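> Let's see this in three dimensions:
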Amino acid sequence: RSTLFPYTTLFRSITAPGATCLSLSGGNTGIQVVNNFFSNADRGVRINDPYSFGNNSSIQIVGNSFVGFTLVPATKYAVGNEGGYTGPVDASGNWWGDNTSAGVPLKIDQSGGPVDYTPWLDTGTDLGGVACNGFQGDFSVLHVSAASPQVGTTGRIQEGINLIADGSLTGGARTLDVEAGSYSETLANASLDINKPVRVIGVSGSTSTTIVLNPNHPGSFPYGAIVIDSSSVLVSGFTVVGYDADPSAGLYAPGSLASVNFLLNPGESDVEIANNLIEVGSYGPESDGSDAYGLLTTYGTTPPFADNLNVHHNIFQPVDPTPVGDGEGEGFFINPGVDHFSFANNTLTGDLDVSVTQAKNATIQDNVLTGAGNFRGFESLGDPDPAVWGHTTFLNNNISGATASIQVKRSWATLKGNSASVGSGIGIWVSGSTAKALIEGNTLVGDTVAAIQVDGGAIVDAGDCRDNNVTGLGTGSQPVNHSRGSEEHTSELQ
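Predicted structure coming up:
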């Protein structure tokens, strides 16, 4: 195994006016070219086999600076694969004198074979500042491209996450800019493992940047998910394409269980999922209850708990307009084990099952839900202890076309300013002896079963209906200014 740097100082800063800085001309294997400055030359690193020594192989060109290079195939370039190489050349993690997805490939000659150039550095800043120590690149901002060839089985986005490190930015400010394209990421049972603080951003937005979840796992949890295994994480600007369960697949066989788009593991805080289109799969006959979710959190009633989960400005919809499996997927299921959960300014549309929160404290606010089929809206659930879990505030949500718009099940909730109407069956449904709901200023018009349904010994305070705290209470199958249920109600519900 040959290593050109740091053990050999000759190659720390290389210039070759009108010529080649470094030529690997056949029969080389296991060579690393790292932390060098290449400039003032026609060719930076040349790979070929002009003397028939045999193919080069296993060459890594990583962490270098290439400045001033242009592309003329077989003549001028920063890195050139002119042939005589087995597989793609690994040239990840370099500074190319350009940080754009259009400009970087114009530094690289692939006329004789592919070159893996993703991810690349955002700037040419030398963090070391001492030339004799070689180029110490800034790995705190990286770019990923779907257009680049790829060495090995690790996906392009996952490789970028793996290479992110502190530099000019640290911790959760570090950024992985994912260029437009479609990405198929593959881990054992998941698609991505975001295991360090980082901002993962589809720079062209969700209409141009797609992550296709991995369906080729062996039917094991977490079912192709993007797993968030760290605090201080942002995922923004992607279409995340899930998949339906295959009803014909056998128990735990590949395809028998539907996808989970995002999974948040215990103890992680300050996690943000924003500006994505999340396409949710439907479950099949072999479902164990842990698949077919747009967002799922890990169950836990003892610390460490996740905290400050913020989900906003996303669109949730079925991956197929008509679910292929036995039942509809759910937008989210927030298990016990999350201290604070915010779900705001999202859109849920199509045939989705109910989205459930059991977080200690949740705010569900300013969302628009437009249902179809068996669509159900939101549910707060207080299990296993309503004194601890499921405390939820529903504010200013607009819900239509749901069999039940907002359910308060064995939990404590406040509902203000919501519109749960227009083709919904039940506007607000409060159920269970431990359920308590304060209902004020909501618009409940056009519900076909009941505006408010209360059962199982639940306690509801709906304010003074005559003062329009609840508009249209009971329209549908019940008399105006009444609700269904004979349990304990305060104020004017009876």
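
> how close does Val79 get to Val45?
5 Å (CB to CB, to the nearest Å). For glycine as for every other residue, the C-beta is placed from the backbone atoms N, C-alpha and C.

> Between these two, which contacts overlap?
Jointly contacting Val79 and Val45 under the rule CB atoms under 8 Å, 6 or more residues apart in numbering are Ile61, Ala91.

> Might you report the residue contacts of the closest residue in space to Gly237 that isn't next to it in sequence?
Closest residue in space to Gly237, ignoring its immediate chain neighbours: Gly202 at 3.1 Å, by CB to CB, 6 or more residues apart in numbering. Shown here is Gly202, whose contacts under the criterion CB under 8 Å, 6+ apart are Val178, Ala180, Ser208, Thr209, Ser236, Gly237, Phe238.

> Gly80 versus Gly202, what's the distance?
Note on Gly202: its distance to Gly80, by CB to CB, is 31 Å.

> thinking again about what came up before, drop anything exposed from the contacts of Gly202.
If you count burial by 16 or more other CB atoms under 10 Å, the buried members of the contacts of Gly202 come out as Val178, Ala180, Thr209, Ser236, Gly237, Phe238.

> from the residues you listed, which two are the most distant?
Every pair in these was compared (CB to CB); the two farthest apart turn out to be Ala180 and Ser236, at 14.2 Å.

> wait, what's in contact with Ala258?
Counting by CB under 8 Å, 6+ apart, Ala258 makes contact with 223, 242-245, 281-284, 287, 291-292, 325, 329.

> want to throw these into a markdown table with secondary structure and distance to Val130?
Listed next are the contacts of Ala258 as a markdown table, based on DSSP: H, G, I helix; E, B strand; the rest coil; distance: CB to CB, whole Å:
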| residue | secondary structure | distance to Val130 |
| --- | --- | --- |
| Tyr223 | coil | 49 |
| Gly242 | coil | 49 |
| Tyr243 | coil | 51 |
| Asp244 | coil | 56 |
| Ala245 | coil | 57 |
| Gly281 | coil | 53 |
| Ser282 | coil | 58 |
| Tyr283 | strand | 58 |
| Gly284 | coil | 60 |
| Ser287 | coil | 58 |
| Asp291 | coil | 53 |
| Ala292 | coil | 55 |
| Gly325 | coil | 60 |
| Gly329 | coil | 55 |
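
> Who wins on neighbours among these?
Using other CB atoms under 10 Å as the neighbour criterion, Ala292 leads those with 34 neighbours.

> related to what we said a few turns ago, TSV for the buried ones among the contacts of Gly202, including distance to Gly401 and pLDDT?
Conversion of the buried ones among the contacts of Gly202 to TSV gives the following (distance: CB to CB, whole Å; pLDDT from 0 to 100):
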residue	distance to Gly401	pLDDT
Val178	34	98
Ala180	33	98
Thr209	30	98
Ser236	28	98
Gly237	28	98
Phe238	27	98
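
> the helices in the protein, which residues?
Chain-ordered helices for the chain, with DSSP state H as the definition, fall at 156-163.

> who's the residue nearest in space to the middle of the chain bridged to?
Note on the chain: the residue nearest the mean C-alpha position is Val235, at 4.9 Å, using CA atoms, centre = their mean. In this structure, Val235 bridges to Val200, Ile273 when assessed by DSSP bridges.

> Cheers, nothing more for now.
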